[in-house]
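**Student:** Here is my input; please provide its structure:
(chains A and B)
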Amino acid sequence: MSVNKFETVSSIVDNYQPNDELFEEILNDSHLSATWQRYHLMGDVMRGETSDVIDLDLSSQIAAAITDEPTILAPRTNNAFTSKLKAKVVQFAKPFGQMAIAASAAGLMVMGVQQNTAETDALLPASQVVKTMPFGGTAEPVSLNFQQTSRPSEKEAFVEQQRRFQALLSDHQQQIKLSSVVVNNTPKQDKAEESAK
Amino acid sequence: MKLISSLLLLVTLSTSIAANENESENEKAEPWLERLATSLQTLNFSTSFVVVKNNQAEPYHWFHGLDENGHELEILSLLNGPRRDVLRKQGIVSYIEPELPPYSVTSQQITGPIPAVFRGDITALGKNYDFVSVGRSRVLGRPAQLIRIVSKDPHRYGHWLWLDQKTGMLLKLALVTRSGQLLEQIQFTHLDITADISESLQQLQQTTLPKVIEIPDGYQEQVLQWQVKWLPDGFVQLNANRHRISSTKQPVEFMLFNDGLVDVSVYVNPSEDNQRATDYVMDGATLVLNQVVKGFEVSVVGKIPAITAKAIADSVVLLPNSTP
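**Tutor:** Numbers count the residues shown, from 1 in each chain, chains lettered A, B, ... in the order given. As a prediction, the model looks like this:
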């Protein structure tokens, strides 16, 4: 039946003269009238009579979809009591919110300051990879007794210490290379000699 | 009745198997490490890895192979910054570094980021470390077996190795504290195992290595004025000498100790300061600790925890019959 109706719409679009009853039916049926509109559009496109921009009117559909959408959030109530309560809650919550914002801003500032000092630290020893850590400054569970190194003014001492550490590190690596001579000569050299023979 | 008895048998069987598995956990890990040693000695491989420490990465190329006579050829190159290459053929290892003119030493192994013991006798570590086979994971796109080398005492770090299930090759290595904090890791980024040796190694065959430096007899077994009284079990002295630190020209008494896996250096020298508080830095897992007590500076360097290094430094004493 419905297929028939679509056929009718199609033939009307193609200039077939239907009787008035059919016409009425198409006009009253929104679905069929939409089809009528669509068929005309198709014809226009095929004949190349459309403008460059096809105005598919989506706005009415979107608007309709929004009104039809079920409300998932809390149901709308016009109760005076709840709106009063809400106002109170808002009043109460606001100062806290402001404080939270202030606190986070302060946090940002602290972070920014730390960032800055970290950057200047990194600039101090230009070629150094390593960074000093005072022995007592870490969370090592030790009962060792020693003072924490805190000599903020002694930049020179710091640089000197960095240089010392770097020198020790490279000397350590150098000595390992030279000492491996001793380590492995005994058993493995024999093996190598045997295989050479 | 028959069904019940067979079920019972099954249960007892499976529990006994489970018990056996627990017991053999340590023994299961050792063959993996032996296989790694064999692979590192016998395979023709060309590989790349990255050492990750202090939020920075050092990329390396590593080639290894056997020539037609079965002699090992090996090249290790740092790819960033000034050239640092290590070459090895026929019992000679050459170091090409920016600090020094190229030199060679007689040795069977190169000194690099990967501990040399992995290509040697791993069972020797059994006295101080446990080997634990942990499980499987995917590394470098391959199925890998995780083996942990865990220190028996709290004075050392653990080494975690991810080994290729197919070839036994190392795919990843991590240095980890006892609490599980990662200090340094080596991630392989590429691994090629070939039938023939690579072009670089063929070139190495043609290359004449720099002159072998002669180390005078007894130079590395000198009797020093200072002595280390405490070290974790298993550390043996490899070297004791007096030399000048090349960059600062500071004369030092030097001792090098090794437990099979890690090296620890101890330096003693007179200082301009009378007293300086203990201070240390970490380069990845390598610790450099330094303190001055009564005009003498003691420094400890190695891949050991700070508490261990502090204890070693504090144990350094002047021999009774010598004058500083």
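**Student:** Would you confirm that B:Leu238 contacts A:Ser179?
**Tutor:** Yes - the pair B:Leu238 / A:Ser179 is scored as a contact, 4.8 Å apart, by Cβ atoms under 8 Å. Glycine gets a C-beta too; all of them are placed from N, C-alpha and C.
**Student:** what is in contact with these two at once?
**Tutor:** Shared contacts of B:Leu238 and A:Ser179 (Cβ atoms under 8 Å, 6 or more residues apart in numbering or on different chains): B:Gln220, B:Leu256, B:Asp263.
**Student:** Which of these fall in strands?
**Tutor:** Counted as lying in strands by DSSP state E, out of those, are B:Leu256, B:Asp263.
**Student:** Need the shared contacts of B:Leu238 and A:Ser179 in CSV (columns: neighbour count).
**Tutor:** Below are these laid out as CSV (neighbours: other Cβ atoms under 10 Å in any protein chain shown):
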residue, neighbour count
B:Gln220, 19
B:Leu256, 25
B:Asp263, 25
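**Student:** Save the shared contacts of B:Leu238 and A:Ser179 as JSON lines, and put in pLDDT and distance to B:Glu34 too.
**Tutor:** Listed next are the shared contacts of B:Leu238 and A:Ser179 as JSON lines, based on pLDDT from 0 to 100; distance: Cβ to Cβ, whole Å:
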{"residue": "B:Gln220", "pLDDT": "83", "distance to B:Glu34": "30"}
{"residue": "B:Leu256", "pLDDT": "96", "distance to B:Glu34": "27"}
{"residue": "B:Asp263", "pLDDT": "96", "distance to B:Glu34": "23"}
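**Student:** just the shared contacts of B:Leu238 and A:Ser179 that are near chain A?
**Tutor:** By Cβ under 8 Å from any Cβ of the partner chain, the members of those lying near chain A are B:Gln220, B:Leu256, B:Asp263.
**Student:** doesn't A:Lys177 make contact with the second one?
**Tutor:** By that I understand B:Leu256. No - the criterion here is Cβ under 8 Å, and B:Leu256 misses it with A:Lys177 at 10.9 Å.
**Student:** Can you check my assumption that B:Glu297 lies in a helix?
**Tutor:** No - read with DSSP: H, G, I helix; E, B strand; the rest coil, B:Glu297 is strand and lies in no helix.
**Student:** what pLDDT does it get?
**Tutor:** B:Glu297 carries a pLDDT value of 95.
**Student:** Touching, it and B:Asn274? I think so.
**Tutor:** No - counting by Cβ under 8 Å, B:Glu297 stays clear of B:Asn274, with 10.7 Å between them.
**Student:** Which of the two has more residues huddled nearby?
**Tutor:** Between B:Glu297 and B:Asn274, counting by other Cβ atoms under 10 Å in any protein chain shown, B:Glu297 is the more crowded of the two (20 against 10).
**Student:** can you pull the contacts of the more buried one?
**Tutor:** Contacts of B:Glu297 by Cβ under 8 Å, 6+ apart are B:Tyr267, B:Val268, B:Asn269, B:Pro270, B:Ser271, B:Asp273, B:Arg276, B:Asn290, B:Gln291.
**Student:** Could you measure from the third one over to chain A?
**Tutor:** Using Cβ to the nearest Cβ, to the nearest Å, B:Asn269 is found at 11 Å from chain A.
**Student:** ok, now the second one?
**Tutor:** Spatial separation of B:Val268 from chain A under the definition Cβ to the nearest Cβ is 12 Å.
**Student:** same question, the fourth one
**Tutor:** Separation of B:Pro270 from chain A (Cβ to the nearest Cβ): 14 Å.
**Student:** Please tell me how far that residue sits from B:Gln108.
**Tutor:** Between B:Pro270 and B:Gln108 the distance, using Cβ to Cβ, to the nearest Å, works out to 37 Å.
**Student:** Neighbour count: these two, which is higher?
**Tutor:** Using other Cβ under 10 Å, the more surrounded residue of B:Pro270 and B:Gln108 is B:Gln108, with 23 against 12.
**Student:** Bridged to B:Lys53, which residues?
**Tutor:** Taking DSSP bridges as the rule, B:Lys53 bridges to B:Gln56.
**Student:** these two touch, right, it and B:Asp283?
**Tutor:** Yes - counting by Cβ under 8 Å, B:Lys53 touches B:Asp283, with 6.8 Å between them.
**Student:** List of residues touching the helix or strand hosting B:Phe188?
**Tutor:** In the assignment (DSSP states H and E), B:Phe188 maps to strand B:182-194. The contact list for strand B:182-194 (Cβ under 8 Å, 6+ apart) reads B:43-53, B:59, B:113-114, B:139-140, B:157, B:164, B:167, B:169-177, B:282, B:284-286.
**Student:** Give me the distance from that strand to the chain's centre.
**Tutor:** Mean C-alpha position of strand B:182-194 versus that of the full chain (Cα atoms, centre = their mean, to the nearest Å) differs by 15 Å.
**Student:** which parts of it are buried?
**Tutor:** B:Leu183, B:Glu184, B:Gln185, B:Ile186, B:Gln187, B:Phe188, B:Leu191 (16 or more other Cβ atoms under 10 Å in any protein chain shown).
**Student:** same deal with stretch B:303-319?
**Tutor:** Within stretch B:303-319, the residues that qualify as buried are B:Lys303, B:Ile304, B:Pro305, B:Ala306, B:Thr308, B:Ala309, B:Lys310, B:Ala311, B:Ile312, B:Ala313, B:Asp314, B:Val316, counting by 16+ other Cβ under 10 Å.
**Student:** Next, count neighbours for B:Phe235.
**Tutor:** Residues near B:Phe235, counting by other Cβ under 10 Å, number 23.
**Student:** which non-adjacent residue is nearest it?
**Tutor:** B:Phe257 (4.3 Å; Cβ to Cβ, 6 or more residues apart in numbering or on different chains).
**Student:** just checking, the one you found touches B:Gly234?
**Tutor:** No - using Cβ under 8 Å, B:Phe257 makes no contact with B:Gly234, being 9.6 Å away.
**Student:** Wait, A:Lys177 touches B:Thr111, no?
**Tutor:** Yes - at 4.6 Å, A:Lys177 and B:Thr111 qualify as touching, with contact defined as Cβ under 8 Å.
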